[in-house]
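In: I need the structure of the sequence given here:
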Amino acid sequence: MSDGVAAVSKFLTWSVVDGPGNRFVLFLQGCNYRCVTCHNPHTIGVCSDCGACVAVCPSGALKKSGRKVVHDPGSCISCDSCLSACPTRANPMVRRMTVEDVLDLLRRNAPFLNGLTVSGGEATLHLDFLIELFTAIRAAPDLAHLTLFIDSNGHLPAEGWQRVLPLTDGVMLDIKAFDPVRHRRLTGTDNDLSLASAKLLAEAGKLYELRFLLIPGETDRPEEIAALSALARELGPNTRLRLNAFQHHGVRGPAATWQAMPRDGVEAAADTLRTSGIAEVAVPSVWLP
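Out: Numbers count the residues shown, from 1 in each chain. Reported below is the predicted structural model:
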């Protein structure tokens, strides 16, 4: 979807965990990864209008109109039954939003905001929309104080980054795994573009944060932590790392039965990274039970 319109899965009018300061966060629908540990699997797919969600909607907020599934926000009770029922890992509650729609929301909340972060799904799948949106914000005097960030898995060729980086203040980049076989097993695709993106973004001065999800028996292995350390040191001494812990919230499929990442495992990985010379390593400040 383009021409100034994007499929928005959700938006937050404020967040303090999606970049610096208080931020408006726009979650765009659709992802080019199929992570088995995804905490928001309903943002991966695109609605096929199959109607499976209509049958489980207790409030009648979802209906079939011809061949299309239509969502009525006024009737929705936000039970999320439709998300569990969807066979394509999509969100039937997405809304089509224009650049002007987003600008209007930003203006309503601008006095309380430091910036905008566009996430997903995968934000860079909507590159034309991103460019139109960021260009419009840069041109608006009443929004000029907002910093513009992208939360991404990095699966974007260099030419794509070159188009959007002049408009972007920072990118929060997720590296899912370093071993290529492990990465394909966890995400369904290769990691060469993500690793290249990390280096490109660092060289451009636009890598705000490198994020890494620790999964017991998978990405917490010594060789993965060593590779993360090597990459961070290659990117530069000021590289900011954030370690996230795999938990079960939102996860569907076999990974929902995997062991959650314990706090002491995260702390051990953080200590190893700090000992290797990485000065700034953040860990979760709130731990889900």
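In: pLDDT of stretch 240-257, averaged?
Out: Rounded to a whole number, the mean pLDDT of stretch 240-257 is 94.
In: ok, now which ones touch the residue lying closest to L12 once chain neighbours are set aside?
Out: Take L12 and drop its neighbours on the chain: the residue closest to it by CB to CB, 6 or more residues apart in numbering is V25, 4.3 Å away. In this view, the C-beta of every residue, glycine as well, is placed from N, C-alpha and C. For V25, the contacting residues are F11, L12, S15, D18, L116, T117, V118, S119, taking CB atoms under 8 Å, 6 or more residues apart in numbering as the criterion.
In: Can you lay out these as CSV showing pLDDT?
Out: As requested, these are arranged in CSV below (pLDDT from 0 to 100):
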residue, pLDDT
F11, 96
L12, 96
S15, 95
D18, 95
L116, 98
T117, 98
V118, 98
S119, 97
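In: are any of these buried, and which?
Out: Taking 16 or more other CB atoms under 10 Å as the criterion, what is buried in the contacts of V25 is F11, S15, D18, L116, T117, V118, S119.
In: T13 is in contact with N109, isn't it?
Out: Yes: counting by CB atoms under 8 Å, T13 touches N109, with 5.1 Å between them.
In: Quick check: neighbours shared by these two?
Out: Between them, T13 and N109 share these contacting residues under CB under 8 Å, 6+ apart: F24.
In: Dump the contacts of V25 into TSV; add secondary structure as well.
Out: Putting these into TSV (DSSP: H, G, I helix; E, B strand; the rest coil) gives the following:
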residue	secondary structure
F11	strand
L12	strand
S15	coil
D18	coil
L116	strand
T117	strand
V118	strand
S119	strand
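In: From D72, how far off is the spatially most distant residue from the centre of the chain?
Out: With CA atoms, centre = their mean as the measure, the chain has its most outlying C-alpha, relative to the mean C-alpha position, at G66: 32.8 Å. Using CB to CB, to the nearest Å, we find G66 at a distance of 16 Å from D72.
In: One more: V54?
Out: For V54, the distance to D72 under the criterion CB to CB works out to 12 Å.
In: Could you do D169 as well?
Out: As defined by CB to CB, D169 lies at a distance of 37 Å from D72.
In: Run through the strands of this protein in chain order.
Out: Taking DSSP state E to define them, one finds strands in the chain at 5-12, 23-28, 62-65, 68-71, 95-98, 115-119, 147-152, 170-175, 207-214, 240-245, 280-282.
In: sorry, back to before: what does the pLDDT read for the residue nearest to L12?
Out: pLDDT, read off for V25, is 98.
In: Report the beta-bridge partners for it.
Out: According to DSSP bridges, the partner residues bridging V25 are L12, T117.
In: D169 and D72: who's more crowded?
Out: Set side by side, D169 and D72 give different neighbour counts by other CB atoms under 10 Å, the larger being at D169 (17 against 13).
In: how much space is there between the spatially closest residue to the more buried one that is not a sequence neighbour and S229?
Out: In this structure, D169 finds its nearest non-sequential neighbour in T147, 4.2 Å apart by CB to CB, 6+ apart. According to CB to CB, T147 stands 28 Å off from S229.
In: Same check on C82?
Out: Summarising the geometry, the distance separating C82 from S229, computed by CB to CB, is 42 Å.
In: Between these two, point out the one with more neighbours.
Out: For C82 versus S229, neighbours defined as other CB under 10 Å are more numerous around C82 (25 against 20).
In: My read is that the more buried one contacts L62, right?
Out: Yes: counting by CB under 8 Å, C82 sits close enough to L62 to count as a contact (6.0 Å).
In: Which neighbours do these two have in common?
Out: Taking CB under 8 Å, 6+ apart as the contact criterion, the residues that touch both C82 and L62 are C53, P92.
In: follow-up on the earlier one: list residues touching both of V54 and D72?
Out: With CB under 8 Å, 6+ apart applied, the overlap between the contact sets of V54 and D72 consists of L62, K63.
In: Thank you, goodbye.
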